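Engineer: Below are the sequence and a predicted model; questions follow.
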Protein chains: 4
Amino acid sequence: MAAAPDEVEQSDAGPQRSGTDRLTAFSDGVFAIVITLLVLELRVPAYHEGELLGALLDEGASYLAFVVSFVYVGVIWLNHQALLRLVRATTLALSWINLGILFGAVIIPFPTAVLASALTHGDTDDRRTAVALYALSAALMSAPWLLFFGYLHRHPTLLDREVGPEHVRAQRLRPVTGLVLYALSGLLGWFVNPLLGLVGIIVMIVYHAVTSEGLRRRPRRRSAGRRR
Amino acid sequence: MAAAPDEVEQSDAGPQRSGTDRLTAFSDGVFAIVITLLVLELRVPAYHEGELLGALLDEGASYLAFVVSFVYVGVIWLNHQALLRLVRATTLALSWINLGILFGAVIIPFPTAVLASALTHGDTDDRRTAVALYALSAALMSAPWLLFFGYLHRHPTLLDREVGPEHVRAQRLRPVTGLVLYALSGLLGWFVNPLLGLVGIIVMIVYHAVTSEGLRRRPRRRSAGRRR
Amino acid sequence: MAAAPDEVEQSDAGPQRSGTDRLTAFSDGVFAIVITLLVLELRVPAYHEGELLGALLDEGASYLAFVVSFVYVGVIWLNHQALLRLVRATTLALSWINLGILFGAVIIPFPTAVLASALTHGDTDDRRTAVALYALSAALMSAPWLLFFGYLHRHPTLLDREVGPEHVRAQRLRPVTGLVLYALSGLLGWFVNPLLGLVGIIVMIVYHAVTSEGLRRRPRRRSAGRRR
Amino acid sequence: MAAAPDEVEQSDAGPQRSGTDRLTAFSDGVFAIVITLLVLELRVPAYHEGELLGALLDEGASYLAFVVSFVYVGVIWLNHQALLRLVRATTLALSWINLGILFGAVIIPFPTAVLASALTHGDTDDRRTAVALYALSAALMSAPWLLFFGYLHRHPTLLDREVGPEHVRAQRLRPVTGLVLYALSGLLGWFVNPLLGLVGIIVMIVYHAVTSEGLRRRPRRRSAGRRR
């Protein structure tokens, strides 16, 4: 976070660039806050004296929604960590795209709360709405990732020296998958069955969790020998 | 954040100076928290079983207020990043002026919530009040930026070696524009039409977004050749 | 938080590794937020004009729950600091185990709020529930620590050069103690007396506080002479 | 936040020491969160359609309480920055004393909310209670600062090389002043007049603001010539 390394050499033309220190610190801060704020949705339920246990058990679905969203934010954070490892400098445009990614993370507590409410207090229509809202948010969230990879592909000088453009192109597959499959989960939840849509969402989160180091990265790095 | 670089050479007289590491870390923390706290204003609306979708759609204006304020905090953060890139040391007075800037950011969730409430549940009088409050907050928020540039202008030894005093003087234009035009938006919203005032606010936020690297900076730096 | 040192040498086979900078920053952020969010549970009680003092005194038990949880998060943070000092690199799996540790910290405000509510407004049954929930959370929270030490034991190349595998093995004792004794406190609180269970919890927190630099660490280090 | 500098030479006996990087990062995080959470107390007041302006004006005293506490946390943060500049290493005991300082900061939103509520909705008795609570919190908050300076005085090897023990001894004056004068403000507010007590509190905050670089520090440093 020192001021000095927050600048990089600017020997070539193009938009003004700066280091990624504050971008990283700010993003980490946002992710840490979002993952912690989720717990604020877990409220002590209203209960009559002597009936706390029953009241807590009735909220079971809220806890499920909380755990799913905790894992989801964790996944996004790990993916973002791999993402910023690709770049060695940022521009104003890239910083805005990154704010788009953070926007996606920041709103998660809202569809989570809607989902928890619908699972606990709503009927099938409400669950349909809540699952579709969650899936829609998750699908839209993929868009800035796509923009990020596209921008890096067009500005290869921002890339870390170890990262090749073909690696960046390969990464685009994951947000595209996210965009399509979260949207499908939403349609499934809306037109077929909300629980089926919820299962689709959870499967996608697990997929992004296991691929969060980036696709097809290791082979290339292994062939490149030891790093730094 | 290491202790060592948090001090700078103090070979000349004047107020006691220290490095900007903790100032930066603290400011990033505040911005990250504010931008994330905004989502707490998005509450699950009260709804009757089966009517969640309608209840959510009724809150549409809240989502607009949320998005506007998210972008606004993002703009302030990017501007602040460019601001701290100008300086290499801080003093007690400059730290207090920076706290003034943070104060402006920290209060944003409040006029945002008032605006969301007035757009959703209020009449024209309430919207007038809410738009004027938002514009007033935004106008006052410009004041510490003006103080910051003024202080830097009077204490050039705090400036990064690459930054000339004429550059700092030029920067004063932007908070002055903000002060005047946000105030005008507020008057417009109060005396003419709240939605017109809201449009004025959004235009100003976009203006600050596209100029957030600082005015007239690039020409000077290009002529100065490669940096560091 | 600079990009450069966020990578470590990867001369040997095994899972892809990276530095612990962002892991540390993210974890610190989460702990700082949790310890601060606890205060949000301290709400101004509803009161009739002129009866604020009485209303505040009635909430006494909430303040106890707040203090216990503040100390508890402080303990976890100090233990986590000692934990990350053992490692010099992380893997995807270790990052997920660390997210498990953070999950345990993040949920603390919830059992705290339930405990405060039961102590203030509940009967003996409610207190039993609340103490058992708190103890259960605390017991489960020990599990990812156990996984962390187990993972380090199986991947000694992740260890800091000063740390021997036998030291890591010795550390496992503490989460095992936690798992068993928090569970016992919960059973005590549920079947015998809620206050007795609460005392058990407090004793355990104090135990983890005084051992938070890690068990049996100093002798080894002293014999190893000066460090770095 | 790199792992490497988070350790210091340990050539002498005594309790195990470690660097202050994570202590600083964690403390900054806590201060940033507290100063930002204060705004959550500013809620949109309940209002009938068309009466938003009047409802906002009725809350005027809440805004005063918010501003006072914002400045107060700012003061504590600046003082803490000066405090950590004195040390180059920490021990488990010093970390706990630091947690005591953070405890004092973390609770500020609670007496602030109580004060805002009493000023807006309470009678004289309620204001007396609220002012006394605020003053009591502020007085107790001084205690860990006293412990911090006392601990440093007994463990001079933890001090930054530039800082002499007599400087540390001189610093004790400020928390003692705080302890005594905040307590006096509380007594004044309780027995004489709540507003008089509030004035006392504000005077004290201003006193700590203007002395936040530490008492009698500059002369010594000037005589010591340029630093580092």
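Structural biologist: That came through fine. What you are looking at is a predicted structure, and each value in this text was computed from that prediction instead of being measured. Numbering: from 1, shown residues only, chains lettered A, B, ... in the order given.
Engineer: quick one: the strands in chain A?
Structural biologist: For chain A, strands defined by DSSP state E occupy the ranges A:17-18, A:90-91.
Engineer: Redo those as JSON lines? Include mean pLDDT.
Structural biologist: Listed next are these as JSON lines, based on pLDDT from 0 to 100:
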{"stretch": "strand A:17-18", "mean pLDDT": "74"}
{"stretch": "strand A:90-91", "mean pLDDT": "88"}
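Engineer: any chance of those in JSON lines, plus mean neighbour count and distance to B:Ile76?
Structural biologist: Placement of C-beta: from N, CA and C, glycine included. Formatted as JSON lines, those follow (neighbours: other CB atoms under 10 Å in any protein chain shown; distance: least, CB to CB, whole Å):
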{"stretch": "strand A:17-18", "mean neighbour count": "21", "distance to B:Ile76": "17"}
{"stretch": "strand A:90-91", "mean neighbour count": "21", "distance to B:Ile76": "17"}
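Engineer: May I see those strands arranged in a markdown table, with distance to C:Tyr72 as well?
Structural biologist: Formatted as a markdown table, these follow (distance: least, CB to CB, whole Å):
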| stretch | distance to C:Tyr72 |
| --- | --- |
| strand A:17-18 | 40 |
| strand A:90-91 | 38 |
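Engineer: Quick one: closest of these to chain B.
Structural biologist: The closest of these to chain B is strand A:17-18. By CB to the nearest CB, the value is 7.1 Å.
Engineer: so what secondary structure elements neighbour the closest one?
Structural biologist: Packing partners of strand A:17-18 (3 or more CB pairs under 8 Å, 6 or more residues apart in numbering or on different chains; DSSP states H and E): strand A:90-91.
Engineer: which residues are contacting the strand it packs on?
Structural biologist: For strand A:90-91, contacts defined as CB atoms under 8 Å, 6 or more residues apart in numbering or on different chains pick out A:Gly14, A:Pro15, A:Gln16, A:Arg17, A:Ser18, A:Gly19, A:Thr20, A:Leu23, A:Asn98, A:His155, A:Leu158.
Engineer: repeat that with 7 Å
Structural biologist: Strand A:90-91 is contacted from outside by A:Pro15, A:Gln16, A:Arg17, A:Ser18, A:Thr20, A:Leu23, using CB atoms under 7 Å, 6 or more residues apart in numbering or on different chains.
Engineer: Same question for stretch A:62-73.
Structural biologist: A:31, A:34-35, A:38, A:41-42, A:105, A:108, A:112, A:115-116, A:119-120, A:202, A:205, A:209, C:103.
Engineer: now the helices for chain A?
Structural biologist: A:21-37, A:52-58, A:60-84, A:92-106, A:109-121, A:124-154, A:165-171, A:173-187, A:194-210, A:217-223 (DSSP state H).
Engineer: tilt between the fifth one and helix A:194-210?
Structural biologist: Helix A:109-121 and helix A:194-210 meet at an angle of 140 degrees, taking axes from the mean of the first three to the mean of the last three CA atoms, to 10 degrees as the criterion.
Engineer: Now do helix A:109-121, average pLDDT.
Structural biologist: Mean pLDDT, helix A:109-121: 88.
Engineer: now for it, which elements pack on it?
Structural biologist: On a contact count with 3 or more CB pairs under 7 Å, 6 or more residues apart in numbering or on different chains; DSSP states H and E, helix A:109-121 meets helix A:60-84, helix A:124-154.
Engineer: roughly how far apart are A:Gln16 and chain B?
Structural biologist: Taking CB to the nearest CB, to the nearest Å as the measure, A:Gln16 falls 6 Å from chain B.
Engineer: burial of that residue, as a residue count?
Structural biologist: Using other CB atoms under 10 Å in any protein chain shown, A:Gln16 is surrounded by 16 other residues.
Engineer: same deal with the one 10 residues further on?
Structural biologist: If you count neighbours by other CB under 10 Å, A:Phe26 ends up with 24.
Engineer: which residues touch it?
Structural biologist: By CB under 7 Å, 6+ apart, A:Phe26 lies in contact with B:Asp28, B:Phe31, B:Ala32, B:Trp77.
Engineer: need the contact list for the nearest residue to A:Arg172 once chain neighbours are set aside.
Structural biologist: Spatially, and ignoring its direct neighbours in sequence, A:Arg172 is nearest to A:Phe149 (4.7 Å; CB to CB, 6 or more residues apart in numbering or on different chains). Residues in contact with A:Phe149 (CB under 7 Å, 6+ apart) are A:Val168, A:Gln171, A:Arg172.
Engineer: confidence score at the residue nearest to A:Ser142 when sequence neighbours are not counted?
Structural biologist: Leaving aside its chain neighbours, A:Ser142 sits nearest to A:Gly178 (3.8 Å; criterion: CB to CB, 6+ apart). We have a pLDDT of 84 for A:Gly178.
Engineer: and A:Gly178, how many neighbours?
Structural biologist: 23.
Engineer: For C:Trp96, see how far away the residue nearest the centre of chain A is.
Structural biologist: Closest residue to the average C-alpha location of chain A: A:Ile76 at 3.2 Å, with CA atoms, centre = their mean. Per CB to CB, to the nearest Å, A:Ile76 is found 13 Å from C:Trp96.
Engineer: returning to what we had before: any chance of the helices and strands packed on helix A:109-121 in a markdown table with mean pLDDT and distance to B:Ala55 as columns?
Structural biologist: Below are the helices and strands packed on helix A:109-121 laid out as a markdown table (pLDDT from 0 to 100; distance: least, CB to CB, whole Å):
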| stretch | mean pLDDT | distance to B:Ala55 |
| --- | --- | --- |
| helix A:60-84 | 88 | 18 |
| helix A:124-154 | 91 | 9 |
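Engineer: Make CSV out of those helices and add distance to D:Ala183.
Structural biologist: What follows is the helices and strands packed on helix A:109-121, written out as CSV (distance: least, CB to CB, whole Å):
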stretch, distance to D:Ala183
helix A:60-84, 43
helix A:124-154, 51
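Engineer: surely A:Val87 meets A:Thr20?
Structural biologist: Yes - contact criterion CB atoms under 7 Å: A:Val87 and A:Thr20 qualify, at 6.1 Å.
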